[in-house]
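In: here are the coordinates; sequence isn't available:
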Ligand code: GLN
């Protein structure tokens with residue numbers, strides 16, 4: 001690419017640049033080279049991806065070229081495209097992201113999808129939903145966006161994450177439906193109140209020793225505290241399963257994202273806790289076990305006592 005320093009038109013059109021950058025990204029082992037080239041060029045031009053093709057023969061000015069070149073450099077140095085543009089779509093909603101939060105993954109949409117039937121209450125009763133470790137807020141915001149009639153509570157131990165999530169909730173006009181708090185797992189919850197109907201979480205579940213083997217984009221840029229599930233990867237999942245029943249009403253549901261190979265462990269942990277029905281495991285779109293659903297067992301207290 002030529003050096004660029006003025007706002008004179010260059011000889012590069014948008015289509016030339018998409019093609020050139022896709023090839024350059026491919027040479028630098030960037031996955032989804034063409035689509036990432038389009039996303040970054042659209043971002044540099046402050047336009048939509050479709051407009052790149054509608055104006056395919058439009059020449060870029062030197063300033064635009066310079067801006068784009070800086071983005072290309074950041075991407076080939078390993079920065080995830082979502083952190084460069086500051087946004088990632090989740091559940092068809094644009095979520096602001098930054099290095100204090102995990103970039104929302106498509107497979108996490110399976111967690112949202114799995115709990116929707118539970119929130120779809122024809123009787124019209126308001127449900128209380130808690131998300132533990134909300135990160136960017138993608139899950140709780142998607143749920144509140146689908147079912148604004150329920151009441152939502154979300155926490156994260158990172159203040160920067162809570163700030164990002166609140167910004168996203170405001171963007172999608174659900175902030176008034178969600179109470180936020182910053183703290184460690186259940187530190188701010190009153191035990192034994194059993195008030196929630198649903199607890200959702202995509203906790204850190206990668207084994208510590210596997211972190212180094214992750215793609216450099218993830219390993220070097222995404223927050224480790226959102227990924228690292230300790231020695232066996234199950235520390236947070238175990239903590240949630242062992243403690244969540246204290247905040248969940250009888251018949252309430254826990255929905256957890258987990259790694260593709262954690263099904264047996266999650267089933268064992270749930271069985272050992274002795275408070276839940278056998279977990280139902282749901283696969284993601286790639287056919288991997290991804291979501292565990294478990295219902296809190298128990299006898300409902302008598303509500304109408306007739307003499
Ligand atoms: N799914 C994420 C990954 O593969 C991990 C998310 C998590 O630990 N909760 O990197």
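Out: Great, that's in hand. All values derive from a computational prediction rather than experimental measurement.

In: chain center to the biggest strand by length in the chain, what's the gap?
Out: Ranked by residue count, the top strand of the chain under DSSP state E comes out as strand 248-257. Centroid displacement of strand 248-257 relative to its chain, using CA atoms, centre = their mean, to the nearest Å, is 19 Å.

In: report all helices and strands that it contacts.
Out: helix 109-119, strand 196-201, helix 235-244, strand 289-295 (3 or more CB pairs under 8 Å, 6 or more residues apart in numbering; DSSP states H and E). From N, CA and C alone the C-beta is placed, and that goes for glycine too.

In: so for it, what's the average pLDDT?
Out: Averaged over strand 248-257, pLDDT sits at 96.

In: contacts for it next, please.
Out: 107-108, 110-111, 114-115, 118, 194-203, 205, 237, 240-241, 244, 266, 276, 290-300 (CB atoms under 8 Å, 6 or more residues apart in numbering).

In: which of these come close to the ligand?
Out: Within the set of the contacts of strand 248-257, contact with the ligand (CB under 6 Å from any ligand atom) is found for 202-203, 205.

In: tell me the buried residues in stretch 114-125?
Out: By 16 or more other CB atoms under 10 Å, the buried positions in stretch 114-125 come out as 114-115, 118-119.

In: my guess is residue 246 contacts residue 190, does it?
Out: No: the pair residue 246 / residue 190 is not scored as a contact, 9.2 Å apart, by CB atoms under 8 Å.

In: more neighbours, those two?
Out: Between residue 246 and residue 190, counted using other CB atoms under 10 Å, the more crowded position is residue 246 (16 against 10).

In: Provide a list of residues in contact with residue 68.
Out: Counted by CB under 8 Å, 6+ apart, residue 68 has contacts 17, 21, 40-41, 44-45, 60.

In: which residues are in contact with residue 287?
Out: Counting by CB under 8 Å, 6+ apart, residue 287 has no contacts.

In: from the contacts of residue 68, which land in helices?
Out: Taking DSSP state H, the ones among those that sit in helices are 17, 21, 40-41, 44.

In: make a PyMOL selection of the buried ones in those residues.
Out: Selection of the buried residues among the ones in helices among the contacts of residue 68 in PyMOL, burial being defined by 16+ other CB under 10 Å:
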select buried, resi 17+21+40+41+44
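
In: now do the one residue in the stretch 1-150 of the chain that gets nearest to the ligand against residue 186, distance only.
Out: As assessed by CB to the nearest ligand atom, the ligand sits closest to residue 105 within the stretch 1-150 of the chain, at 5.0 Å. Distance, residue 105 to residue 186, by CB to CB, to the nearest Å: 25 Å.

In: what strand or helix carries residue 78?
Out: Under DSSP states H and E, no helix or strand contains residue 78.

In: look up phi and psi at the residue nearest to it when sequence neighbours are not counted.
Out: In this structure, residue 78 finds its nearest non-sequential neighbour in residue 216, 4.7 Å apart by CB to CB, 6 or more residues apart in numbering. Main-chain dihedrals, residue 216, degrees, to the nearest 10: phi -60, psi -30.
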